[in-house]
Structures are given as C-alpha cells and as structure tokens.
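Colleague: build me a structure from this.
(one chain, ligands or ions: 1)
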Amino acid sequence: MKVVEEIVERYGSARTILDPFCGTGTTALSAVNHGHDAATTDINPFLIWLASAKTAHYPAAVIAQADKAGKAALDLARREAVQPLPEPPIHKIERWWTERARGFLCHLKAAIRETVGHSGPVADLLHVAFCRTLIKLSAAAFNHQSMSFKDSTQCAFDLEPDAGAGFLDDLAFVLGGAKQNPPGNASVILGDARDLPGCLDTRFDVVVTSPPYANRMSYIRELRPYMYWLGYLVNGRDAAELDWLAIGGTWGVATSRLAEWSPSGARWLPDDLPSVLAGIASGDNANGALLSNYVAKYCEDMSAHFDGLRRVLNPGARVHYIVGNSTFYGVLVSTEQVYAAMLRKYGFTDVEVLPIRKRNSKKELIEFDVSATWPGA
Ligand SMILES: C[S@@+](CC[C@H](N)C(=O)[O-])C[C@H]1O[C@@H](n2cnc3c(N)ncnc32)[C@H](O)[C@@H]1O
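Modeller: Residues are numbered from 1 along each chain as shown. Prediction:
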C-alpha cells in the first residue's frame, strides 16, 4: 500500500514501528526494508503465518533448497505420483475451481507435504507460492471491493495446457522476494489489538496501520480460499467464530450475535455517537437496529484498542491510522472523527485528520490519515 510506504519513509533513522492490524504485513515489510525493527499483531493466524514468511530472513542455502524441493514437488504432482490430499471443505468449491484445477492442487499440496513436510522455512516458501497458484487457478475476481466470481469460461486453468508452469513462475517470484533479506527485524504476533499490553512486551516509537473499517468487510470471507487450502479453517462454523473475534466482522454467526449484542458501557465513546447510532437505527431502515449495533460495537472495540495502545508506546511516539469513513442508510459515520476524539480522550496530543483520497465514486467516502503524538504518561 503506497500510503503506508510513504509514511514509513518519512521516519528516517531506525525506530521501532508497530502495526497492530497486520493484514498481509505491508507495514512490517516496509518497515524492515527501511531498516527499522517492526512488530505487528493480527487476530487471524493465517495472516500471522503469511506476514512471518514475508518478513523472515532466508539464508541462500534455504532458498536453493526451496527451489529444488519446489521443482521436485511439482514433478510429483504432474505425474500424479503422490496420493492427493482431500479437497478442502469450502462451500460450493466447484464455483472456485474446475475439477481439473482441484485435482492438480490436491496433488501439489500432497507433493509439497511429502517433499518438505508441514512447517519450517522451506515449507513456508513453497506454501506461499502455492497460495499464489491456487488463486490464479481460481475463478475468483479481486477487482471489486469484495471477492466475486469471474465467468467460469475465464477460469485460467482450463485455458492453460499446463498449470505446473504457473507454479514455477510463482515459486521464482517468491524466491526472488525471499533473497532480498531486509535489514530490519520483524516480530509477528498472534494477538488481539483490543489488548495490546497483553500481547507486546516492548514499546514503540511509531505506529502505522490500516485498521478494519466500519464497512462490514469480512477479512475471513475474503481470505477463505487460502485459509481452507492451508488448513487454517476446517468448517464454516470456525470461519464465523473467527470473524466474530475480528473488529468489524459481520459474517455468519457474527450477524445473529450482533442482533443480541448491547453496549457494555465500559468503554469511552464520543458524545455525538448516540445521535449517529439513532439515525442508523431509525424506524424505516430494515436492518437499522442491527447496523446501529454493528457501528456501536466497532467503536467500543476501537476504544479498547486506543486505551491499550498508549501503554505500549514510548513518550513522543507518533501514530498514524489510515482509515475510511462509511455510510449506513445515508447516515455518515465519520470514523476518522471517532478516532480523533478517542485519541484525545486517551491523552494523545497534536491530533491531525488529513484526507488522503476518495475511496470510490460516492463523493463522501474518503480515506484519512489520523495521526497523533503520545506525550508519555
Ligand atoms: C484493513 S486489514 C489490514 C490491512 C493491511 N494494512 C494490509 O495491508 O493488508 C485489518 C486487519 O485487522 C485484523 N483484525 C481485526 N480485528 C482484530 C483484532 N481484534 N486484533 C488484531 N487484528 C485484528 C484483520 O484480521 C485484518 O487483517
């Protein structure tokens, strides 16, 4: 993400940089590439694995071994000389991959396991390449905000005579990246950003992060193809449970739980939030009460996050939150102002809200850099 890269670049000499919402590891990778030490947390174990693999240091011998092992695994898969693993239990898997693509992926996954096992740096590199291949062979289209399906006639695999060639390209790409060992170190931690003091034991000089937005986007839903193939999800119930743990999650069971949810009252919320919530919940809006709860819970969760954040910062630390606003039934939720109010409430100073760009054609939807300084306790 270009915005994150630009902000990281601004911090010249080596610092300790935190991203409490790791995602695919953009901030941590940018930070270590610029010679900083980084830490990043996420609630999703698949993203923790991915970001660890992306930011790790790989000796030349490991890269050579991964190259050899990847080619050997592909050879096994092409010859179908390995017992294929069962297909992952993704709902309507046939919408994602053709039978032929699924067969190839099941053989390739088994061949990787047979060649290098489950874990360790060589297996990590091969599995990252496998992730790239599986998505290229799928009918998923990523050109919308949320994942959708291409026309199945555009499914790459059935146009390609040899899917194996794709895996070789992916392997070369991943190993090329792995060679550029970054100068800084990253620690990538599975943890809840609502309790940062509980998951971090050092303090930081800079925070750069793109937190979940209050826009009902489900990261679990978006990531499910990878998570099922790599065994991070084994059924829909687990997927929904994980989404409920995520701030802003609304998929599956999260929806019914939200309907029953009521504010704990334990967290500080901005004074003008109740009128926004009342506007969303107003009589004519079919799901108004549910969505009003959604926004209220999102704000409570973020309040818990900012409360804990100050306990893991060095005095003088600067924090940057790249966040977009949202609308529900025409009611604007100014997430950037909610953040600014919370930061002030928790003792941060020099709070600034800087518009960065429009998010789409809806003119009121904008992304902001909300920044502030932690003066020290
Ligand atoms: C907007 S994404 C991060 C995008 C990221 N900047 C990137 O480049 O991919 C938000 C992330 O917050 C994570 N998240 C949601 N709730 C969380 C929580 N309670 N603790 C830690 N991470 C959480 C999600 O799993 C998701 O990866």
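Colleague: residue 112 against residue 130, yeah?
Modeller: Yes - between residue 112 and residue 130 there is a contact under Cβ atoms under 8 Å: 6.3 Å. The C-beta positions use only the backbone N, C-alpha and C, and glycine is treated the same way.
Colleague: where does the stretch 1-150 of the chain get nearest to the ligand, residue-wise?
Modeller: Closest residue of the stretch 1-150 of the chain to the ligand, Cβ to the nearest ligand atom: residue 23 (2.4 Å).
Colleague: what is the neighbour count of that residue?
Modeller: For residue 23, the count of nearby residues is 22 (other Cβ atoms under 10 Å).
Colleague: not counting sequence-adjacent ones, nearest residue to it?
Modeller: Spatial nearest neighbour of residue 23, excluding adjacent residues (Cβ to Cβ, 6 or more residues apart in numbering): residue 47 at 6.1 Å.
Colleague: what is the mean pLDDT for stretch 106-117?
Modeller: Taken as a whole, stretch 106-117 has a mean pLDDT of 97.
Colleague: what sits up against that stretch?
Modeller: With Cβ atoms under 8 Å, 6 or more residues apart in numbering as the test, stretch 106-117 has contacts from 66, 69-70, 72-77, 80-87, 122-123, 126-127, 130, 133, 167, 229.
Colleague: please report how far residue 10 lies from residue 27.
Modeller: 13 Å (Cβ to Cβ, to the nearest Å).
Colleague: that older thread, got phi/psi on the residue of the stretch 1-150 of the chain closest to the ligand?
Modeller: phi 60, psi -130 (degrees, to the nearest 10).
Colleague: returning to that earlier point: ok, the residue nearest to residue 23 touching residue 19?
Modeller: No - the pair residue 47 / residue 19 is not scored as a contact, 11.2 Å apart, by Cβ under 8 Å.
Colleague: which one's more surrounded, these two?
Modeller: Neighbour tally, residue 47 and residue 19, criterion other Cβ under 10 Å: the higher count belongs to residue 19, 32 against 24.
Colleague: in space, what's closest to that one - neighbours in sequence excluded?
Modeller: That would be residue 27: by Cβ to Cβ, 6+ apart, it lies 3.7 Å from residue 19.
Colleague: and that neighbour, that one's in a helix?
Modeller: Yes - remark: residue 27 belongs to a helix, assigned using DSSP: H, G, I helix; E, B strand; the rest coil.
Colleague: that older thread, which one of residue 112 and residue 130 is surrounded by more residues?
Modeller: residue 112 (27 against 24).
Colleague: okay, and that one sits in which element?
Modeller: Here residue 112 sits within helix 99-116, counting by DSSP states H and E.
Colleague: for the protein, which segments count as strands?
Modeller: Counting by DSSP state E, the chain has strands at residues 16-19, 37-42, 140-141, 148-149, 186-190, 204-209, 313-324, 326-328, 331-333, 349-358, 366-374.
Colleague: and of those, who's closest to residue 304?
Modeller: Among these, the nearest to residue 304 by Cβ to Cβ is strand 37-42 (13.7 Å).
Colleague: got the contact list for the most centrally placed residue in the chain?
Modeller: When Cα atoms, centre = their mean is applied to the chain, the residue found nearest the centroid is residue 23 (2.4 Å). Residues near residue 23 by Cβ under 8 Å, 6+ apart: 42, 47, 51, 210, 219.
Colleague: between the residues you listed, which is closest to residue 173?
Modeller: residue 51 (17.3 Å).
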